[in-house]
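Chemist: Structure for the following, please:
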Amino acid sequence: MEVNIHQAKTHLSKLLERVALGEEIIIAKAGKPVARLTAVRSQRPRFKLGSAKGEFVVPDDFNEPLPKEIEDLFW
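Modeler: This next block holds a predicted model:
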C-alpha cells in the first residue's frame, strides 16, 4: 500500500495496525516513494536447545592446554 505524507500523519495508528499484521506501507512525497513502514522483527533469533546436535564434533583434546608455541602468541 502507498500513502502520501499527509495520509501517513493523519492515519498513523491505523497504518501501524496494518503493518503489525504483516502489510508493508510505502510513504510517498509528491508521488515518489521516500520511506517504507514495516514491522520490526525480533532482533534475537530464537534457538532451540539441541538444534545443532550432530552438526559438529568436539575433539577429544578440546580441554587440553594449547601447544607452547601457540600459547606464547597470547602473551
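Chemist: In the protein, where's the longest helix?
Modeler: Ranked by residue count under DSSP state H, the longest helix found in the chain is helix 12-20.
Chemist: buried sites along that helix?
Modeler: Residues of helix 12-20 classed as buried: 15, 19 (neighbour count, 16 or more other Cβ atoms under 10 Å). Using the backbone N, CA and C atoms, a C-beta is placed for each residue, glycine as well.
Chemist: How about Ala39: what's its closest non-neighbour residue?
Modeler: The shortest distance from Ala39 to any non-neighbouring residue, by Cβ to Cβ, 6 or more residues apart in numbering, is to Val19 (5.2 Å).
Chemist: swap in Leu15?
Modeler: In space, Leu15 is closest to Ile25, 5.3 Å off (Cβ to Cβ, 6+ apart).
Chemist: Then Gly22?
Modeler: Nearest to Gly22 is Ala39, by Cβ to Cβ, 6+ apart, at 6.7 Å.
Chemist: repeat for Arg18
Modeler: Ile25 (6.7 Å).
Chemist: right, and the one you found touches Asn4 too?
Modeler: No. The pair Ile25 / Asn4 is not scored as a contact, 11.3 Å apart, by Cβ atoms under 8 Å.
Chemist: Among these two, which residue is more densely surrounded?
Modeler: Ile25 (19 against 14; other Cβ atoms under 10 Å).
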